[in-house]
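Novice: Below is the structure, and that's it, no one-letter string:
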RNA sequence: GCGGGAGUAGCUCAGUGGUAGAGCACCACGUUGCCAACGUGGAUGUCGCGGGUUCGAACCCCGUCUCCCGCUCCA
């Protein structure tokens, strides 16, 4: 990890931004706690998002770049939902896999990714070979093919089945998984472990006497809480399409490799919007949200050079999506030229609402159709509730299309921290340049808005300073007071936690009623009357 | 999950079997009085956790947890 990242991690611990969860017990992988300053920073990130996306949204004007005016409301859904939600959303299938490991070469495979080629001679199943489904090599070949053909012999045949269904297929032929019929590692032909369940969703049991049948999951994303409440919001909130529903909340995923500080955590917070619109204008809305969300990060301080908007190419897109873009940031823990995802903006078509109406749709189908099981029945049954929208102006009934800007609150917080971390030089009391560490956080995000210092702790200065402190506190500003140590040291301490302004009360203040506001980034000092200092800080906070 | 490295004070780290250390940070007093590290004094550790070897373990051995790097995985 880069030196810069080490310094950031160290500062976060030292000054109380971030701690490892349960640290006194040795910690727990993939979980993090926000300290006194970190919680303020993250709250400010959340509040900036909620205010900019929801509360301050003007539903009666058309923003620049948008097709029309639109509404925005929020919800807060529960973390645990009906298990069927995850089956219809596709998460159950996607996040829930059986894996086998090779005991020799330590490779790990999804059971349904291993394809078994089974050679049957006239007397029944004789030998199997494995290969990786969808690998570049087209199926089994070379020596594997020769061995199979030999085993099948005259009049025999070779059939294929995925490893998850292989034991059942053998059983149909009255054969056991033994000898040459034991599937081996497709890479090195080593011995494979029995299939083991991998669940990327956190499983829990509902009810004090609950059993496995009462299993439920902690949500792996907040989005589904919005989709399942689509009708409720429509019926209660006097909203009309186009409109968006926003939500901030925790999600949980059993990440295989939690790493890179808080970047990949097992418990994380999302800030998501599901924006519902008419299919015909959906492309325009997609572009609008993509560009608007990108702008949001820039306005809060992420630099153009370290931020990119990456459109997914065709191969990367889900079949039902006609566009997905990631907002990515060049985190210091990544190699030069690599970026980490902050937010994904996806055009999801009508996949989600239809899946919750009709049942889980097959992502690979085009046009989307219901996913069926081996017997031809719906794989996962939907709610059966009508989630269509009726436009009473046009008398049109349709399933809205969805644009989903889905952001990580912890990732955004980390990006703002990384961007803000700066080492520069500032003069000491001799006028010599000295190293200075500061967080150049946008004032909206800064945990502490201002620090109030009496230049010396006598001659009535602390009293004046405390008066200002109390006034600013009652105005709702998070400010701190300190009379400890040399003034230069106090400035440096505040620089390090990103406090944008320091207010210093000197001996003249007692007679002229004016104080000095010192700017974190420019070191500029401005003299303002005590009576105006609170409003001046509020003015500067508004930008 | 595999391989490598690491874990000692709040932070950065030294300490190869014999009383637990440094710098910075922190607290008190003094000094200075608008840009850090001035003086004096002070507090701070189950040396990640558990077990073992030993008269004696931060140090050697075993296990375990966490962090970092490289694989693997990545909706």
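Specialist: Cool, got the structure. Worth saying up front: this structure is predicted, and the values here are computed from it rather than measured.

Novice: can we go C-alpha only for contacts and neighbour counts from here?
Specialist: Will do.

Novice: Doesn't residue A:275 lie inside a helix?
Specialist: No. Counting by DSSP: H, G, I helix; E, B strand; the rest coil, residue A:275 falls outside a helix, being strand.

Novice: How about it, nearest residue that isn't a chain neighbour?
Specialist: residue A:244 (4.0 Å; Cα to Cα, 6 or more residues apart in numbering).

Novice: Also residue A:269?
Specialist: Nearest residue to residue A:269, sequence neighbours excluded (Cα to Cα, 6+ apart): residue A:250, at 4.2 Å.

Novice: Quickly check: the helix or strand containing the one you found near RNA strand B or not.
Specialist: Using DSSP states H and E, residue A:250 falls within strand A:243-252. No. Contact between strand A:243-252 and RNA strand B is absent, the nearest approach being 8.2 Å (criterion: Cα under 7 Å from any atom of the strand).

Novice: Mind giving me the packing neighbours of that strand?
Specialist: strand A:71-74, helix A:223-227, strand A:267-277 (3 or more Cα pairs under 8 Å, 6 or more residues apart in numbering; DSSP states H and E).

Novice: mean confidence for that strand?
Specialist: Strand A:243-252 shows a mean pLDDT of 96.

Novice: contacting residues for the residue lying closest to residue A:506 once chain neighbours are set aside?
Specialist: Nearest in space to residue A:506, with sequence neighbours left out and distances taken as Cα to Cα, 6+ apart, is residue A:455 at 5.1 Å. Neighbouring residues of residue A:455 by Cα atoms under 8 Å, 6 or more residues apart in numbering: A:461, A:483, A:487, A:504, A:505, A:506, A:507.

Novice: and those residues as TSV, adding distance to residue A:342, pLDDT and secondary structure?
Specialist: Compiled in TSV, the contacts of residue A:455 are given as follows (distance: Cα to Cα, whole Å; pLDDT from 0 to 100; DSSP: H, G, I helix; E, B strand; the rest coil):
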residue	distance to residue A:342	pLDDT	secondary structure
A:461	46	88	helix
A:483	40	87	coil
A:487	38	88	helix
A:504	38	93	strand
A:505	42	92	strand
A:506	44	90	coil
A:507	48	87	helix
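
Novice: Show me just the buried residues among the residues you listed.
Specialist: By neighbour count, with 16 or more other Cα atoms under 10 Å, the contacts of residue A:455 hold A:461, A:483, A:487, A:504, A:505, A:506, A:507 as buried.

Novice: So which of those residues reach RNA strand B?
Specialist: Among the buried ones among the contacts of residue A:455, RNA strand B is touched by A:487, A:504, A:505, A:506 when using Cα under 7 Å from any atom of the strand.

Novice: closest to residue A:67 among those?
Specialist: residue A:504 (49.4 Å; Cα to Cα).

Novice: Please name the bridge partners of the closest one.
Specialist: Beta-bridge partners recorded for residue A:504 (DSSP bridges): residue A:453, residue A:516.

Novice: measure residue A:516 to residue A:528 for me?
Specialist: 6 Å (Cα to Cα, to the nearest Å).

Novice: what helix or strand does residue A:480 sit in?
Specialist: strand A:479-481.

Novice: What average pLDDT does stretch A:360-379 get?
Specialist: On average, stretch A:360-379 scores 85.

Novice: In it, which residues are buried?
Specialist: Buried, per 16+ other Cα under 10 Å, within stretch A:360-379: A:360, A:361, A:362, A:363, A:368, A:369, A:370, A:371, A:372, A:378, A:379.

Novice: do stretch A:326-342 as well
Specialist: Under 16+ other Cα under 10 Å, the buried positions of stretch A:326-342 are A:326, A:327, A:328, A:329, A:330, A:331, A:332, A:333, A:339, A:340, A:341, A:342.

Novice: any idea which of those residues is closest to RNA strand B?
Specialist: residue A:333 (5.4 Å; Cα to the nearest atom of the strand).

Novice: Can I take it that that closest one is in a helix?
Specialist: No. Secondary structure of residue A:333 (three-state DSSP): coil, not part of a helix.

Novice: pretty sure it is in contact with residue A:260, am I right?
Specialist: Yes. The pair residue A:333 and residue A:260 qualifies as a contact (Cα atoms under 8 Å) at a distance of 6.8 Å.

Novice: How about residues contacting stretch A:478-486?
Specialist: A:447-457, A:462, A:465-466, A:469, A:472-473, A:490.

Novice: one more time with 10 Å
Specialist: Stretch A:478-486 has contacts (Cα atoms under 10 Å, 6 or more residues apart in numbering) with A:40, A:446-458, A:461-462, A:465-466, A:468-470, A:472-473, A:490, A:494, A:499, A:501-503.

Novice: Tell me the buried residues in that stretch?
Specialist: For stretch A:478-486, by 16+ other Cα under 10 Å, it's A:478, A:479, A:480, A:481, A:482, A:483.

Novice: So for those, which is the shakiest by pLDDT?
Specialist: For these, the pLDDT minimum is residue A:483, 87.

Novice: nearest residue to the closest residue to RNA strand B within the stretch 301-450 of chain A other than its sequence neighbours?
Specialist: Residue of the stretch 301-450 of chain A nearest RNA strand B, by Cα to the nearest atom of the strand: residue A:428 (1.8 Å). Once flanking residues are discounted, residue A:428 sits nearest to residue A:434: 6.3 Å by Cα to Cα, 6+ apart.
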